[in-house]
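A.B. asks: Provided below are the primary sequence and the corresponding predicted coordinates.
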Amino acid sequence: MVHLIPSHLDDADTLKAYLVTQLSDNELQNFKRAFEKGAKVHLKPMMHLQITQAPVKYTNASHAHKRSQENKAGNTKPFVVIDRDVVDKGAVWYVAGFADDFDVECNFAASKKVLMKALVHTEHLAISHICWSEGNPPMGEELESLDENITPLRLDSEQSQPLGADDDEEELWGTDEVEVVAEHGEYETTTDPEILSNMGSPPRKAVRLVPAIAQQENLISDWTWPENIREISTPDDGRQRLPARSIRLAARLDPQVPRLRYEWPEGSL
């Protein structure tokens, strides 16, 4: 029996997204579709957004003022601001926090009074949040790569070019991998030198699901590296012992198979 490794969907962060402009229903839906695509919400969500109409006090307030107000309210998480840039540039503002010692030492910010924020393409919002939360790379490093010469950020710095604008969409979003566990007999192996030579650092052997089994599971399985595995977690937090010669491998969900409709967080527009 082929097992899909749980993606721990509940681990994905949910950020507030404040709408500070008037969007038509079509414009809002376009934004939501772009976010869903980038965050891979139909597979294993990388993050969630709770979109709300911004309070009146936020409508014309600076991002720094909004950040201060959120901090006072106990929300120290990053948040998103949706303004006309979402229509004009397909991008939104990701507001992190005020600069820290690291940002200043790395010359990403002129002082700790400066707000670390970035205009980022909607499709890249989720992966940017994950990378910046882990500091790999830090937001300042990506802002530094822009042609606008806006780093170190100052109180009056203005970014106009969204991050993510030059990335290859086909490369970024063309593959949606999942991890699966297959027992002996559900996968096949090869030592064909031609196949192995196309796998970067060639392994001693490559594996893939038996094509008929992959199709049955609505998966696409290409030649990849195997990893031996002895047990897996069960839904009740237990452990299930696997038969000998079971392996873990990467596969892709068949894009032709309809997915469940994504449910936005409660209270979201």
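C.D. replies: Nice, thanks for sending it over.

A.B. asks: Now do the helices in the stretch 1-150 of the chain.
C.D. replies: Along the stretch 1-150 of the chain, counting by DSSP state H, counting those that start in this stretch, helices occupy 25-39, 56-59, 63-72, 85-88, 101-105, 125-134, 139-144.

A.B. asks: Which of those sits closest to Leu242?
C.D. replies: helix 125-134 (30.0 Å; Cβ to Cβ). To be clear about C-beta, it is placed using only N, CA and C from the backbone, and glycine gets the same treatment.

A.B. asks: hang on, the earlier thing: could you dump the helices of the stretch 1-150 of the chain to a markdown table with distance to Thr234 and mean pLDDT?
C.D. replies: Output for the helices of the stretch 1-150 of the chain, formatted as a markdown table (distance: least, Cβ to Cβ, whole Å; pLDDT from 0 to 100):
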| stretch | distance to Thr234 | mean pLDDT |
| --- | --- | --- |
| helix 25-39 | 27 | 95 |
| helix 56-59 | 45 | 93 |
| helix 63-72 | 39 | 97 |
| helix 85-88 | 42 | 98 |
| helix 101-105 | 41 | 98 |
| helix 125-134 | 27 | 95 |
| helix 139-144 | 39 | 97 |
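
A.B. asks: In CSV: these, plus mean neighbour count and distance to Ser111.
C.D. replies: Listed next are the helices of the stretch 1-150 of the chain as CSV, based on neighbours: other Cβ atoms under 10 Å; distance: least, Cβ to Cβ, whole Å:
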stretch, mean neighbour count, distance to Ser111
helix 25-39, 17, 32
helix 56-59, 12, 24
helix 63-72, 16, 13
helix 85-88, 16, 26
helix 101-105, 14, 6
helix 125-134, 19, 20
helix 139-144, 20, 13
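
A.B. asks: what about stretch 217-226, how long is it end to end?
C.D. replies: By Cα to Cα, to the nearest Å, the extent of stretch 217-226 from end to end equals 19 Å.

A.B. asks: Could I get the buried residue list for that stretch?
C.D. replies: Within stretch 217-226, the residues that count as buried by 16 or more other Cβ atoms under 10 Å are 217, 219-226.

A.B. asks: again with stretch 189-196
C.D. replies: By neighbour count with 16+ other Cβ under 10 Å, stretch 189-196 contains the buried residues Leu196.

A.B. asks: Give me the contacts around it.
C.D. replies: By Cβ atoms under 8 Å, 6 or more residues apart in numbering, the surrounding residues in contact with stretch 189-196 are 202-207, 223, 226.

A.B. asks: among the residues you listed, which ones are buried?
C.D. replies: By 16+ other Cβ under 10 Å, the contacts of stretch 189-196 give 206-207, 223, 226 as buried.
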